[in-house]
Every structure is written in structure tokens, then in C-alpha cells.
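Asks: kindly return the folded structure for what I paste below:
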Amino acid sequence: MERLMNFDDFSLYKDFEKLVQKIFEINGFKTEIPSKDKGFDFQATYENTFAYVEVKFYKSKLPKLDLLRQAYRRLLSQKDSDDSKLILVVSSYVTPSLKDEIFKESGVIVWDAKTLFALAFDHSTTYYELESILLRAFNAAIDDLLIVDNDFKNQIILQLLAAKTSVKQKEIERKGKQLCDELHKLKPGREDATKFEDKCIEILKYLFDNNTDLTLWEKQPTTDDGLHRFDLLCRIISSYQNNFWTELANDFHTRYVLFEFKNYTDPIKQGQIYTTEKYLFLTALRSASFIIARNGADDNAVKAAKGALKEAGKLIVILTAKDICEMLELKDKGDEPSTILRNRIDEMLITLTR
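Replies: Below you'll find the model as predicted:
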């Protein structure tokens, strides 16, 4: 995986990935990392059983179903023989019934956080390393995941060896890449400005689930004085545990997030930042915004965005078309697209001066 994450997320991801490989090895598997990106993280062999293993690190205790679906379907696209097994390892908790559904649909075996704790139970150092990583990831209690049932523990590898499926390899639909290509085909400038806006909204709806991330999707709402109209207003669904949008709502005391779309030929200037800033009000629980500017922003615009944050607590994050395509790439892989948004906010906060 390319380093699209901020340092802390990237470090946790790599630590988790290495620990998962170690858990396989202490349970009798021989592992091997492929020489190049092949759509899985490592190969694992146990006696005469061979498996492709993909590791997904999610920061929420319960996985988002759309990302989970992308992950196991992408892993299925790697199946090259009837004898090879497919194991998707996730840091979240997946219910037994959902695991069964995924196996019936794709032949992919899901090992979740509870499975990992069971496999690490007899190895105290590994067990506590796993606990430490997940506590940092979820920022929540994980006592329910730590309870290990001996019967369950003893059946994990036996069930893997016995698992049989008739599901064949399927090529995955890369909708994110398709949307990225469609975005780049639009001409910069006024002529395709409306098409750019519509395509960006379509992309955002694909990236962010209507049940766990954002809702409302109010296009071009007008302020009560009738003087201002912005491109898109969404309401944050803040009930989903340790979701990026929940963090944003808590950190910036906001309930709504504003999106503006700029299909300009050149980087946007500070005037566009000042205009967006007028739409943000802390008392209206509307203090965060994202400007999707095709070609980014010039230095003065970046300074203006930092000034709005420093002086008024208003968050204005500038995203480029490249950022959007990186988010789409992450979604295609079953990874969190909000990683890019975290990066941009971190960059602003880390470099902010008095």
C-alpha cells in the first residue's frame, strides 16, 4: 500500500500488518510477502493448505460494509486455483452471520479482531501488542473482543483447512477508477463547471456512505437572507463509532459540512477562501468546509485558509482532483478514503502558527 496516510495511521497500519503476519507464523503458518503489489499482502502455507491473505486496518470497531465488500471482492479477483484459499483479516469485529454470508458469496474467509485475539491468546507478548494497537485505533474499550472461547480458538485453523467453496475468480468492478477517469475528461474552466460539480457530488456519494458518514446532500442551499448560495451542504452522521466524520464533528463542534467545487484552470486564489468563510458559522454548527479545486490553491489562498482556522476556528480544507482520485483508489481497495482528509487537516494543524 502506498503511503497515503498520515504518519500515525501509517505506523499503526504497518504495525498491525506485521503483527498479523507474526500471528500466522506462531500458529504454524509459513508466510511470504509478494515481490510486488498483487492485491494481497502475503501468502500463507499450513501443511498442504495455501492461502492468499489480505490485511485491512480499520479504525472503527465495526467495519463499514461498503469497504468490507470492496475488500473481499478484490481478494476474490486474485484467486488463481480451486485449491487456494482466501483470507481477509480485518482489525474490526465481524459477526459470525456476516462472515458466513461473505463466504457463501465469495469464498473469502474473514478473520476479525476476535479471531486474532484467540490465535494470539497463548502468546502473551503478541496478545498485548494486538491489544495496544486496537486500543489506539478504536480509542474505545475493547473488553468484549478480549474474551477468548477455547472451543472457538481450537476450531479456527481446523475450519480453515476444511473450508470448501465452488466460487470462481471474479474481476472486480473498479468504480473509483472509472469516476476518476470521468472527472479528468471534463475540461477545466467555465464550460464544464456544472458537469464538474455534478461529478464531484456523484463521487462524494460513492466515497461516503449515506448510513454512516453523511446525509442530507442539499445541493445549492441559500442562506436565509437570500444573499449567499453554496454548492453542497451535508449533515454529519455522528453516531457511528470512531468514524472520521464523527471525529470532525467533535473536534470542530460542527453538525454540517460544506462543499464547494472549483473547476478553475488555475489554482484558486484567496478571494475564493474568503467567500467560503462567509458561509461558515460556529453558532449554526456549520464550521467545516472542503473546497474541491481542480488545480489546488495558490500560496495566498492556503494562508487565508489557515488564517480562518487560527482566527475564527473555521476549517477550510482544499482538495485537488489528484486528492479525489487518491480517495477513489483507496475505496476501490476497500481502504478508508477519509485517510486523505485526515492528512490534509493534520497538515494544516501541524503547520499552524500563532
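Asks: would you map the strands across the stretch 201-350 of the chain?
Replies: 214-219, 232-236, 256-262, 288-293, 315-319 (DSSP state E, counting those that start in this stretch).
Asks: for residue 199, find the nearest of these.
Replies: Taking C-beta to C-beta as the measure, the strands of the stretch 201-350 of the chain were each checked against residue 199, and strand 256-262 came out nearest at 8.9 Å. No exception for glycine: its C-beta is placed from N, CA and C like everyone else's.
Asks: can you redo the strands of the stretch 201-350 of the chain as CSV with mean pLDDT, mean neighbour count and distance to residue 164?
Replies: CSV is the format used below for these (pLDDT from 0 to 100; neighbours: other C-beta atoms under 10 Å; distance: least, C-beta to C-beta, whole Å):
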stretch, mean pLDDT, mean neighbour count, distance to residue 164
strand 214-219, 94, 15, 41
strand 232-236, 96, 21, 44
strand 256-262, 97, 22, 47
strand 288-293, 98, 24, 47
strand 315-319, 98, 23, 46
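Asks: redo these as CSV? Include distance to residue 272.
Replies: Output for the strands of the stretch 201-350 of the chain, formatted as CSV (distance: least, C-beta to C-beta, whole Å):
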stretch, distance to residue 272
strand 214-219, 19
strand 232-236, 15
strand 256-262, 6
strand 288-293, 7
strand 315-319, 9
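Asks: and of the ones you listed, who's closest to residue 308?
Replies: When the strands of the stretch 201-350 of the chain are ranked by proximity to residue 308, the top entry is strand 315-319, at 5.4 Å, counting by C-beta to C-beta.
Asks: name the strands paired with that closest one and say parallel or antiparallel.
Replies: Partner strands and pairing direction for strand 315-319 (DSSP bridges) are strand 288-293 (parallel).
Asks: CA atoms only for the strand it pairs with, dumped as PDB, please.
Replies: Once non-C-alpha atoms are left out, strand 288-293 reads as follows in PDB (Å, rounded to 0.1, in the frame of the first residue of the first chain):
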ATOM      1  CA  ALA A 288     -16.100  22.900   8.500                       C
ATOM      2  CA  SER A 289     -15.800  23.000   4.700                       C
ATOM      3  CA  PHE A 290     -14.000  21.300   1.800                       C
ATOM      4  CA  ILE A 291     -13.200  23.100  -1.400                       C
ATOM      5  CA  ILE A 292     -12.500  20.700  -4.300                       C
ATOM      6  CA  ALA A 293     -10.400  22.900  -6.500                       C
END
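Asks: just want the angle from it to strand 232-236.
Replies: Using axes from the mean of the first three to the mean of the last three C-alpha atoms, to 10 degrees, the inter-axis angle of strand 288-293 relative to strand 232-236 is 140 degrees.
Asks: outside of strand 288-293, which residues touch it?
Replies: Contacting residues not belonging to strand 288-293 are listed as 200, 248, 252, 254, 256-262, 264, 267-268, 272-273, 276, 279-280, 297, 314-321, 324, 341 [C-beta atoms under 8 Å, 6 or more residues apart in numbering].
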